[in-house]
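J.: My questions concern the predicted model and sequence given below.
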Amino acid sequence: MIDKQIKHGDFTHLADNYSKYRPGYSGTILSTLLSLTGKNFNQIKFLDIGAGTGIWTKQVAKKGCKVTAVEPNDNMRKYGIKNCAEFDDVEWKKGSAESTGISEELFDIVSMASSFHWTKFDLAVKEISSLLSPIGFFVCLWNTRIIENNSLTLEIESYLNELVPELKRISSGKSEFCEQLTEKLSSCSYFSETMYLEGYHSEKMSHERYIGVWKSVNDVYVQAGPERFEKFLSFIMKKIKDVDFIEATYKTRAWVSWKKS
């Protein structure tokens, strides 16, 4: 049973599941973003805000970049430090998008992976802009599950919507926040232009991992409540018991905004 006191945006009690089970992001998208700097990857100064347990941070570090990771939640940051311990060029700090605590450094790329929707937008973009080099850019991205091409995942998602008809996704790349994001970033006084990118990848998940991914989703648990959420997990376990693995396809959605000179 997950802690009953979880609130929107609070991942303190979800950090373990988040660290163990959450999927990564499209490698093609990452390589494209790094190439946009025009630098060798080991010369790129990269700031990852809302870095959580270091899923995206670790992907970036594997490319050879020097990464500063900022995360406000102590428990999430603890897992992030552990997960990125093999990389000498990853430094972790406590801070938020609105107040990173960084003032002495400028970065080629500032990113927020599956976390920008939790921010106070105006304060966050002001802080982010102040941390970008004159030709740097901000990228926010989400890894959205694609369910339509798999009858099993489609049935599971349909059951969730029947069980929690009032469900409104907040942390998904399909959220209302994301649908309005191109316009918000394009009209923001801190950025000159915005580009949108998509990339796909698939992961074969064990039963444990697939259930663990659902247990790490903050907004579903909060809106469903503990009783309905446990009922949902029971439904999933019944549906997947006869399959060896679950083929999960993800679409990485990324918005890239260049600093206004």
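T.: That came in fine, so what should we check first? Values in this document were obtained by computation on a predicted structure and should not be read as measured data.

J.: close enough to count as contact, residue 253 and residue 182?
T.: No - judged on Cβ atoms under 8 Å, residue 253 makes no contact with residue 182 at a distance of 10.6 Å. (Glycine included, C-beta is placed from N, CA and C.)

J.: can you list residues touching both of these two?
T.: Shared contacts of residue 253 and residue 182 (Cβ atoms under 8 Å, 6 or more residues apart in numbering): residue 196.

J.: can you pull the buried residues of stretch 101-120?
T.: For stretch 101-120, a neighbour-count test (16 or more other Cβ atoms under 10 Å) marks 102, 107-119 as buried.

J.: Would you mind measuring the gap between the ends of it?
T.: Terminal residues of stretch 101-120 lie 16 Å apart, using Cα to Cα, to the nearest Å.

J.: Averaged pLDDT, that stretch. What do you get?
T.: Mean per-residue pLDDT for stretch 101-120: 94.

J.: Please apply the same query to stretch 78-96.
T.: 96.

J.: Quick one: distance of it to the chain centre.
T.: In terms of Cα atoms, centre = their mean, to the nearest Å, the centre of stretch 78-96 is set 16 Å apart from its chain centre.

J.: And that stretch, what's buried?
T.: Under the neighbour-count criterion of 16+ other Cβ under 10 Å, stretch 78-96 has 79-81, 83-84, 87, 90, 92-93, 95-96 buried.

J.: got the contact list for it?
T.: With Cβ under 8 Å, 6+ apart, stretch 78-96 has contacts from 15-16, 18-19, 49-55, 57-58, 61-62, 64-72, 74, 77, 100-102, 119.

J.: what do you get for stretch 229-244?
T.: Applying Cβ under 8 Å, 6+ apart, the external contacts of stretch 229-244 come out as 1-2, 152, 155-156, 159-160, 163-164, 207, 210-211, 214-215, 220-221, 224, 246.

J.: Show me those that map onto helices.
T.: Mapping the contacts of stretch 229-244 onto helices (DSSP state H) picks out 152, 155-156, 159-160, 163, 207, 210-211, 214-215, 220-221, 224.

J.: what about the strands in the stretch 1-150 of the chain?
T.: Counting by DSSP state E, counting those that start in this stretch, the stretch 1-150 of the chain has strands at residues 45-49, 66-70, 90-93, 107-113, 132-146.

J.: tell me the centre residue of the chain?
T.: Per Cα atoms, centre = their mean, the C-alpha nearest to the average position across the chain is that of residue 114, at 2.3 Å.

J.: contacting residues for that residue?
T.: By Cβ under 8 Å, 6+ apart, the contact list for residue 114 reads 50, 52, 56, 141-143, 171.
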